[in-house]
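>>> Return atomic coordinates for the entry below.
(4 chains)
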Number of protein chains: 2
Amino acid sequence: MIRVALAEDHTPLRVRLADFLSRSGTVRLVAVAANGHELLDALKRLPEAERPQVVVMDLEMPRLDGIATTATLRELYPSVEVLVFTVFEDDTRLFAAIEAGAAGYLLKDQPLTDVLDAVEDVHAGGSPLSAPMARRLLDTLRPPHPEANPFDLTDREIEVLRLVVAGHTNTEMADALGIAFATVKTHVRHIYEKLHVSTRAEATRTAIRRGLV
Amino acid sequence: MIRVALAEDHTPLRVRLADFLSRSGTVRLVAVAANGHELLDALKRLPEAERPQVVVMDLEMPRLDGIATTATLRELYPSVEVLVFTVFEDDTRLFAAIEAGAAGYLLKDQPLTDVLDAVEDVHAGGSPLSAPMARRLLDTLRPPHPEANPFDLTDREIEVLRLVVAGHTNTEMADALGIAFATVKTHVRHIYEKLHVSTRAEATRTAIRRGLV
DNA sequence: CCCAATATCCCCCGTTTGGGGGAACCGTCC
DNA sequence: GGACGGTTCCCCCAAACGGGGGATATTGGG
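Reported below is the predicted structural model:
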């Protein structure tokens, strides 16, 4: 039996979900709350052996929303995993939840049995994510490359830019590349023009942030 | 009916999976291959209207493995989505697959019906991920913060570092912070000492790469 | 065949940086 | 009350940088 707590402000859903989870046979509800504050309060009262292993957490709740609650919860009890269960499909909330320490992110358009599966996944050390949310995650992970050179830098210029980012002086670069100091300066100047910057620090920032190196 | 192609080198599984998918009623198999080369070959022969919408892809295959095949495939036919189906649980392969353009990553320890669900998810624009793999993803997404300041920078120094990264000169920073030029230089010098660098470009690189800003 | 792009090199000059030194002030903690 | 870390300020000077100009050679298209 997995010990589970539930935080959900919408009463009908809370009751239905609590009921469903209780009857499942694989989980045992140790706390049910209508908002984050209530949940944290309930957990404070529970003896350690009764603490939930997984918390099913709504995001939009009065008196401490799901994100804040998750952050606090994970701070106080790092061993308690949080499974977010929400209607919100935006990536802002998704990333905030992940940042706060959520282990899973489930959308409410899924059948209740999926919640049960997800609770089991979380308890087993996994991170169930609804497919649409996982897509957003992958899409943000990927972009770095698609068009890695939007600045029209030449091969040589990229080579020089790498050395700039590595912190080399023009003289060092001239040695390393076997060209004259003056040539390095020219390359650097062209790089600045193309990146619309005027110092090494700015060029370095742009290069790293835009994945040019 | 979702048009699906299958690439899997292990014959018994390939046959079983092909059989299962065919009988499902929701997908139609337009190609079955035992390796990446064979798959690409098959796709080349298909008219555009017959091209699969989703490819179920094994990773370990002779003659072009799943990662390389995925990359090529996505290059040639960007509209074809790839669902990776593998035994490999390591994050190296997971990230390589994502990088190559995979839309989903399923582990082989799951029932065949999950593959069908996943194909539907992918077709619907989602990214089904096995819970253990999603966890690895989240864990790599999170670490940046735990100890964001391993260099013992003071508040003031971080403030200055931010401005350095933004490309400001010492004079500009002095104005912005309402302190003397000399003081800015002192802060910058201390930052260099703590970061073990000696130029703005290096400081900028370190600051960004280590999440100091 | 010529043109545009790329890479190479040079001069000049003012500004900025990096690093060496020193010193004062102010909280806080012991 | 003294030590300590953090912040503030100053002097000096060589090295590096940023930007202005111009020049030559090669190469691959149009």
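
>>> Quick check: residues of chain A near DNA strand D?
Taking C-beta under 7 Å from any atom of the strand, the part of chain A that reaches DNA strand D is made up of A:Thr169, A:Asn170, A:Thr171, A:Lys185, A:Thr186, A:Val188, A:Arg189, A:Tyr192, A:Ser198, A:Thr199, A:Arg200. To be clear about C-beta, it is placed using only N, CA and C from the backbone, and glycine gets the same treatment.

>>> Would you agree the fifth one falls within a helix?
Yes: judged by DSSP: H, G, I helix; E, B strand; the rest coil, A:Thr186 forms part of a helix.

>>> what's the farthest-apart pair in the residues of chain A next to DNA strand D?
The largest distance within these, taken as C-beta to C-beta, falls between A:Thr171 and A:Ser198 and amounts to 20.1 Å.

>>> neighbour-wise, which of these two wins?
Neighbours per residue (other C-beta atoms under 10 Å in any protein chain shown) separate A:Thr171 from A:Ser198, with A:Ser198 holding more: 13 against 10.

>>> What distance do you get for the spatially closest residue to that one that is not a sequence neighbour to A:Arg16?
Among residues not flanking A:Ser198 along the chain, A:Tyr192 sits closest, at 5.6 Å (C-beta to C-beta, 6 or more residues apart in numbering or on different chains). When distances are taken as C-beta to C-beta, to the nearest Å, A:Tyr192 and A:Arg16 turn out to be 62 Å apart.

>>> Could you do A:Ala203 as well?
Per C-beta to C-beta, A:Ala203 is found 57 Å from A:Arg16.

>>> and those two? which has more neighbours close in?
Under the neighbour definition other C-beta under 10 Å, A:Ala203 and A:Arg16 were set side by side, and A:Ala203 has more, 25 against 13.

>>> Return the set of buried residues in the host helix or strand of the more buried one.
The secondary structure element spanning A:Ala203 is helix A:200-209 (assigned by DSSP states H and E). Of the residues in helix A:200-209, A:Arg200, A:Ala201, A:Glu202, A:Ala203, A:Thr204, A:Arg205, A:Thr206, A:Ala207, A:Ile208 count as buried by neighbour count, 16 or more other C-beta atoms under 10 Å in any protein chain shown.

>>> Could you check how far the fifth one is from A:Ser198?
Using C-beta to C-beta, one obtains 13 Å as the distance from A:Thr204 to A:Ser198.

>>> Where does pLDDT dip in chain A?
Applying pLDDT under 70 to chain A picks out residues A:144-149.

>>> Near DNA strand C, which residues of it? Just list them.
Along chain A, the residues adjacent to DNA strand C under the rule C-beta under 7 Å from any atom of the strand are A:152, A:154-157, A:177, A:179-183, A:185-187, A:199.

>>> now do 6 Å
In this structure, chain A approaches DNA strand C at residues A:Thr154, A:Asp155, A:Arg156, A:Glu157, A:Ile179, A:Ala180, A:Ala182, A:Thr183, A:Thr186, A:His187, judged by C-beta under 6 Å from any atom of the strand.
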